[in-house]
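Participant: What follows is a protein structure lacking sequence information:
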């Protein structure tokens, strides 16, 4: 019995259903371009927003009823939270979950207690996983909540904080490994600065690089086969987060020799905060070979902070899913709902509605991408646009057969005067619009 | 005789001067930390905004009186423009200028004509340089104005445009070399996309990388000793420019093996458009070893486009100049006013006022940075903040003496519980505020 | 024969059509809640973006083939433009058009010539209107393109510019009246400021108010029955436009006693630039009783300027159309495509594709709003949320039966302690998402 | 003895002082244009950020040592907080404070207890005020922190919440009155919406208007002579706050017949969030006759939320203070530091540094405005710009002597063709830059 047990399990009932507690689009076994919808999406529910948080904002306290938050975070409370979480996962039919160490475990005041409390909850999680078949997409360490991390973890001016963070990461990495986690995530947390004036940027970046190398070395040492992921975000909580966006992370990985070892966990709203289209971040990650996983949510287009709303406009996600389907999917990654209820959404059932709508939205995005791909029109138009690069002249340039001087010489001699050709942006866009699926 | 010849030369008259046509702060020979103000700033006036443009915006045509723009861009008009420009440079006392090929030359319709017209104006520029002592900070190619470049230059879907761009770059690089230019700049122009849907991101980035390698190879071939610079900008004219910001450019350079060959030309307003502090971009460039040169201007904090206004708030530039002075200056770079008059500023003398105020603003920023450095308080506070990394424990971590497991072990065994220490942001900021100089 | 005459007329072919030149959703005679789709939308094609402009941006010149722009704007060129425009209107099947005086007329250098040239083209437009049945949604004056307006029209520091603007407005208002225009629009143009420092804000607002009163008086004098509309925009071309948004305009109208005389023409992208949801502006205008007409387009969510793209995401417009349908429609207003092709869209047929997709997008938005309304779920949930205000206690408060002291007294005596109730935001949003129509 | 008692009182020591705990610019008795600096600024320290808050953000808990927050908010804790606050006010030498009811009082669970607890702390505050001479700039009610207000106070869907808010406001208004408060503030809190879909915009605005009328009526009834102030903010905590900006508030006041009764409390960072210059909001409030008071702080130019940082760039405030000095000052208003320490600023002395720097920044802004005014150059240039409106023709237009038709007739007959005149923006801006004072 949990606060979730009045509802579910949630079933697919099709587009005509008027049942708030049913999928209208997400038919998990529906085959799309050779793979099931559930395999494309690898749906994941997160602990933090849905079970550990309470609805507070900067102007007022918690509003959501979460019985395990009524008193101190004892082992009993932690157990109740995990039981409720797995009850919800199972009723939703979502195959994966994700968590930070401190989301799930009881309060611990020293590293020794931390280790103990983490292992205690690990055992209970393992039991629930085995009972329910729900799997772990990724684990991560919370290196930002406690005041000790107020100036960063691996980028802290105090090396003892670096060491503390190392201990915490080691523990949760190993828990993740034992639970069969498919990835391990490092979100920047407070790795960044609030004012450049008190900050040694170069040293902090070096420490950050060192830390990441230690994590990768430890992964190999313990035989963890999952993917190490960095999650870009431009700011918040700090004024400037080092892991700003996919391109910045790629530069950082190369600088530290890690571009083959580490991938990115792209969050929709983090892309928005960086003033980048989500689809740009996804396409860039594929182009650079570092596509890892997705944190699914959306921001309010008027607000400048991380609102972490559930998505509901499928067309906004269509272009990203076009990339994902064309590139064969997310690999070890998945679609994690890093999304939270609005503070006023205090009915426990709001959590169902939010996830169901979010999942149907993702399903719509996949189906629209499938439709675009099957129609072939967009791919044909695009290929035509670049046809010149398939000619011998184009290929020679791309392959480095010309120096600047040689190519200039050709251009002058041939009297090149290339005619502009329509980019047909409105036509490309109309293809996506017309392939939206209900 | 030019439209500028009623005024100047502009002299330093000190802070009490009420003469609009005098420097109140910029005393070019004043020594700051061992170097003259003029050597720190290497002031540069640009051709495009000040001589080639006419004040038009998206809602109305030209308003500024520029006699050489009254008719077609003949050789006579081009000559008049160059003569006026050098008249202005000399009256301002600014030691450098910068230009795009088409800013200065007469209209050309083929690459052959382009070569001829460029060389014709090059001869006149060389003569004016020799007469006046004004030097060339950098040259660049305009690869965005003509419709042939509407879909990019080296990232164009048509390889013939790539070839055309190669020819144009070769010509102006060689002109820059012959004129003794100290840098050669590549600004993204339209290297980017307007919709991801019609764009092969990976191919375009590869072509862009190929182009840049050709440029570097040509530099060495012709013996050009200047620095090759890329100028980051996040968007405008395209919806997404590939050279988004310093970190993105650094990732791109590493990917193409060019991080030792190419540096960045950082523009204040481009940083703002990327939602990055100018001082962050400067500090990052120094940290990554790719600091090149500066384009000086400011954006309107309310507008979302490249307003290119002249700067007038010295404190806004203070933190960046703190980095610059601490790092020994701009090398082959300088401070180029990539700034334009407002459309309503139609008096020819507005051009003087704007540059004089901009130059005094830069001078104020240098003097305030000098004052902060001499006071030593900020550096002392900062060193204290990072003192832990100078202990044996800190050094060992930084030098890679610990694995994650070893460091975790130390942390657990020592029962580390690091105490938070104040970041003193308000104090750091007050130091900068109190060291502003009039 | 015009450049548009190879295509059309555009017909409705239904969602399965693969014809780029057909409506897939917009079935103009389809009845929605008692009115035809065409009556809800009152589709309007504008002169300026589609026929008068050429594709230039701040970084390069025109790219679109518009034969009448190849030479000077003579009467012949103006005639050719009008003939082509009406050819396009007719082929599109769009019932309305809109224009600025100078969009349509030949070049005029004095007010006398202006009057003559405007009347000349008016005659031709009248003829084409009568031949084709296409009607005029609104006319307006271009008071921003010519350098004389660089510092505003009615808010210009020079009263002669105010007088010039008065003359121009009088002429085009009368033309609009004679052509049976259903509205007359005043878009701010350059009514605003670039720096507060050189601006007498209070005086300029007073002059603006005076001008608007003169326009309203003239409307009544000539017997024009259409609606006078102000079009809000927060900035661009000026740094601050006085007609910032709907609420600001409402305050201005009240201040000048015009809130019963003038309504608003709301543009999607202008709302976005003001950082307001389009649906907020629409709902606010209805709440304040000043809903007039719509300029349909969209901005790029990453850019900070007026990109004026054609819309293609119907869900983004759904909530606004929910307001519109619930409020009975747009009155004398319509849906004017104040939208332009991308600079690279140089095929003449791109203009068809863009408008067709835009129209189908609007049709989808109407159909989804119809579906939400017919389902009644959203209205029922909303009514339940406010049910307290329908109780006697709620009504008495709303009707002013209590003073603060009396109500405080009731609250204390009753020991009021109201329980929070879920706002169900995710459920409300899911209703809109699930009612999207293909 | 309080946590503040090691330092102070803070004295003016002049620009050469190196004492962190001294004013370098703020010489309170210095006479500026006939009034003391202290009279222009009416400096105010707020309870909430400096004494009631603890440094938490959305990603981590409190960090600042505030002993009265270590346990529950008992009367003893409330007393300790008030004693510490007045100790700080006195040591700072700031003449005013401001507070919300719940900032100061002990926890209360019913309205009766609320009344009692508020009166208890009121007595202690009154005693401290009398001992120290510190005065109350304004009081206000916290109508947003408790979950009962999660959907707004006067705009709540539940009229019982409206009644609860009425009781709370009545109590604190009367406390404010008895304490000799010079103003009473209504900050929007959660008066707005999170989604338009569940919101009856028109009804909520009507309820809001009714509430405000009740407040004004109560003011007159109890004989409160202070000013009623509304504080504009565009969003946060809600997605859309009704009191968006000065112009929106003015429209709302007119609609409810309150434009003579209510003024605005303008916050720097709220203006920024609304994408308006602070100086625009100030100038607009003066132009509309509703200038009330100021909340002084600044936002981070990169972040999109209310960072409430202490100001330190005087030039950024110069133009607003030019308006303030030209308009004779703030009346019953003052400069309230609605500013908070950064989360890492955990030294108790950081609170001194932050306020001292903020106060010196304001003093600099006043001195620079004085300098601009005394120099007369800016005013002369501005008068020249508008000289046309002082001619008979200009005056007749402004006074309404012409109809549109008459004025058009004059313009045509005279063949008006006004010449553009330079707006001299760079010159105007340079005057402000050159008059910055250290």
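Facilitator: Good, I have the coordinates. Values in this document were obtained by computation on a predicted structure and should not be read as measured data. Numbering: from 1, shown residues only, chains lettered A, B, ... in the order given.

Participant: Chain C contacts on the stretch 51-200 of chain A?
Facilitator: Listed as neighbours of chain C in the stretch 51-200 of chain A under the rule C-beta under 8 Å from any C-beta of the partner chain: residue A:63. The C-beta positions use only the backbone N, C-alpha and C, and glycine is treated the same way.

Participant: Helices along the stretch 51-200 of chain A, start to end?
Facilitator: Listed in chain order, the helices of the stretch 51-200 of chain A (DSSP state H, counting those that start in this stretch) span A:75-92, A:101-104, A:111-132, A:159-178.

Participant: what residues are up against the closest residue to chain D within the stretch 151-300 of chain A?
Facilitator: In the stretch 151-300 of chain A, no residue comes nearer to chain D than residue A:237, which is 4.2 Å away by C-beta to the nearest C-beta. Neighbouring residues of residue A:237 by C-beta atoms under 8 Å, 6 or more residues apart in numbering or on different chains: A:144, A:189, A:190, D:57, D:58, D:59, D:60, D:343.

Participant: what about the lengthiest helix in chain A and chain D, touching?
Facilitator: Identified as the longest helix of chain A according to DSSP state H is helix A:349-375. No - judged by C-beta under 8 Å from any C-beta, helix A:349-375 makes no contact with chain D; its nearest approach is 12.2 Å.

Participant: what angle do whichever helix or strand comes after that helix and helix A:349-375 make?
Facilitator: Next in sequence after helix A:349-375, counting helices and strands by DSSP states H and E, comes helix A:377-385. Interaxial angle, helix A:377-385 versus helix A:349-375 (axes from the mean of the first three to the mean of the last three C-alpha atoms, to 10 degrees): 50 degrees.

Participant: Following helix A:377-385 in sequence, what is the next regular element?
Facilitator: Counting by DSSP H and E, what follows helix A:377-385 is helix A:392-398.

Participant: does residue A:79 really touch residue A:123, like I thought?
Facilitator: No - look at residue A:79 against residue A:123 with C-beta atoms under 8 Å: they stay out of range, at 10.4 Å.

Participant: Of these two, which one has the most company?
Facilitator: Neighbour count, other C-beta atoms under 10 Å in any protein chain shown: between residue A:79 and residue A:123, residue A:79 has more, with 16 against 11.

Participant: which residue sits closest to the more buried one, ignoring its sequence neighbours?
Facilitator: Ranked by C-beta to C-beta, 6 or more residues apart in numbering or on different chains and with sequence neighbours excluded, the top spatial neighbour of residue A:79 is residue A:124, at 6.0 Å.

Participant: one step back: could you export the contacts of residue A:237 as a markdown table, including pLDDT and neighbour count?
Facilitator: Formatted as a markdown table, the contacts of residue A:237 follow (pLDDT from 0 to 100; neighbours: other C-beta atoms under 10 Å in any protein chain shown):
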| residue | pLDDT | neighbour count |
| --- | --- | --- |
| A:144 | 98 | 20 |
| A:189 | 94 | 27 |
| A:190 | 98 | 24 |
| D:57 | 97 | 18 |
| D:58 | 97 | 14 |
| D:59 | 97 | 17 |
| D:60 | 97 | 20 |
| D:343 | 98 | 26 |
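
Participant: which two from those residues end up farthest apart in space?
Facilitator: A:189 and D:343 (13.2 Å; C-beta to C-beta).

Participant: Mark out where each domain of chain A begins and ends.
Facilitator: Domain assignment for chain A by automatic domain parsing gives A:11-374, A:378-434.

Participant: would you list those domains in a markdown table and tack on distance to residue D:429?
Facilitator: Shown next, in a markdown table, are those (distance: least, C-beta to C-beta, whole Å):
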| stretch | distance to residue D:429 |
| --- | --- |
| domain A:11-374 | 26 |
| domain A:378-434 | 39 |
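
Participant: Count residues in the vicinity of the residue in the stretch 101-250 of chain A that chain C sits nearest to, would you?
Facilitator: Relative to chain C, the nearest point of the stretch 101-250 of chain A is residue A:245 (12.4 Å; C-beta to the nearest C-beta). Burial of residue A:245 is recorded as 26 neighbouring residues (other C-beta under 10 Å).

Participant: which residues does it contact?
Facilitator: Contact criterion C-beta under 8 Å, 6+ apart gives A:232, A:234, A:270, A:271, A:274, A:276, A:281, B:248 as the residues in contact with residue A:245.

Participant: Could you list which of these also contact chain C?
Facilitator: Applying C-beta under 8 Å from any C-beta to the contacts of residue A:245, those adjacent to chain C are residue A:276.

Participant: Am I right that the residue of the stretch 151-300 of chain A closest to chain D sits in a helix?
Facilitator: No - counting by DSSP: H, G, I helix; E, B strand; the rest coil, residue A:237 is not found in a helix; it is coil.

Participant: ok, now how distant is it from residue D:307?
Facilitator: Distance, residue A:237 to residue D:307, using C-beta to C-beta, to the nearest Å: 11 Å.

Participant: cool, residue A:20 as well?
Facilitator: Distance of residue A:20 to residue D:307, given as C-beta to C-beta: 39 Å.

Participant: and the two? which has more neighbours close in?
Facilitator: For residue A:20 and residue D:307, the more surrounded residue by other C-beta under 10 Å is residue D:307, and the numbers stand at 20 against 16.

Participant: hang on, the more buried one packs against residue D:273?
Facilitator: No - in this structure, residue D:307 is not within contact of residue D:273 by C-beta under 8 Å, at 9.8 Å.

Participant: Overlap of the contact sets of those two?
Facilitator: residue D:299.

Participant: per-residue confidence for the closest residue to chain D within the stretch 301-438 of chain A?
Facilitator: Per C-beta to the nearest C-beta, residue A:304 is where the stretch 301-438 of chain A lies closest to chain D, at 1.0 Å. Residue A:304 carries a pLDDT score of 88 in this model.
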